[in-house]
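Visitor: Based on what follows, work out the 3D shape:
(one chain, ligands or ions: 1)
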Amino acid sequence: FSTVNVLGFDFIKATQQEFVEQLKKDSLSHKNRFVVTANPEIVLTALNDPEYSSVIKGADYLTADGIGIVKGAKILGSSLPGRVTGFDTMTAILKWCDEERKKIYFLGAKNEVIMTMIEKIKATYPGIVIAGFHDGYFKDETGIVREIQSSEPDFVFCALGFPKQEYFIEKNRRVTDAIWMGIGGSFDVLAG
Ligand code: UDP
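Guide: Numbers count the residues shown, from 1 in each chain. The predicted structure follows:
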């Protein structure tokens, strides 16, 4: 994708649907990818924190998850086709993984939230192979990373909130070639 620079960050110029299609392609060819769906809070935090900023800039795909970023691009004279949100991306990928029997690792949220969410995933998307899951309040990061590595998921969804999820992905993504994505509070929404 070509990109549009807003406040120093290169956002991909893609519609929600084009982006999902790209992720499917990347997954089928076993690419290692780090996806950040950046809302204005993420951008503001990165602007004030050089370490977080460099992590965000290291993502393979930075999408505009927030109308503020789309409007900001317009004010700066470039146009983005629209929002590409973490939640919509995750929903589309869940549907595809269900159809294609792809494997997902789910990390994040409170224990009762992820337990409820996993039950809903099993009921709604029976074709998804659950590589594993863990709540987002862990001490044994090494154990979780080892579990992700040995289960060889196609996708790793990290709902640890920002900036924790981006630091986690950037630190650990090399253990297995998957699409690694930070998705904030999406597990809470899915659990209902
Ligand atoms: N979360 C987590 N571990 C943490 C902090 C947060 O798993 O150490 C989870 C939290 O339970 C929620 C999600 O991350 O499901 C998003 O948290 P929050 O709303 O604070 O962040 P944001 O949505 O603004 O990224």
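Visitor: Adjacent strands (with direction) for whatever helix or strand Ala131 lives in?
Guide: Per DSSP states H and E, Ala131 falls inside strand 129-134. With DSSP bridges as the criterion, the sheet partners recorded for strand 129-134 are strand 103-108 (parallel).
Visitor: any idea how far the strand holding Ala131 is from the chain center?
Guide: 16 Å (CA atoms, centre = their mean, to the nearest Å).
Visitor: Could I get the average pLDDT for that strand?
Guide: The pLDDT scores in strand 129-134 average 98.
Visitor: before we move on, what about stretch 21-31?
Guide: The average pLDDT for stretch 21-31 rounds to 98.
Visitor: Off-centre distance for that stretch?
Guide: Here the centre of stretch 21-31 is set off from its chain's centre by 14 Å, with CA atoms, centre = their mean.
Visitor: re the thing from before, please spell out which residues along the next helix or strand after the strand holding Ala131 are buried.
Guide: Going down the chain from strand 129-134, the next helix or strand is helix 141-151, by DSSP H and E. Neighbour counts over helix 141-151 (16 or more other CB atoms under 10 Å) mark 144-145, 147-148, 151 as buried. To be clear about C-beta, it is placed using only N, CA and C from the backbone, and glycine gets the same treatment.
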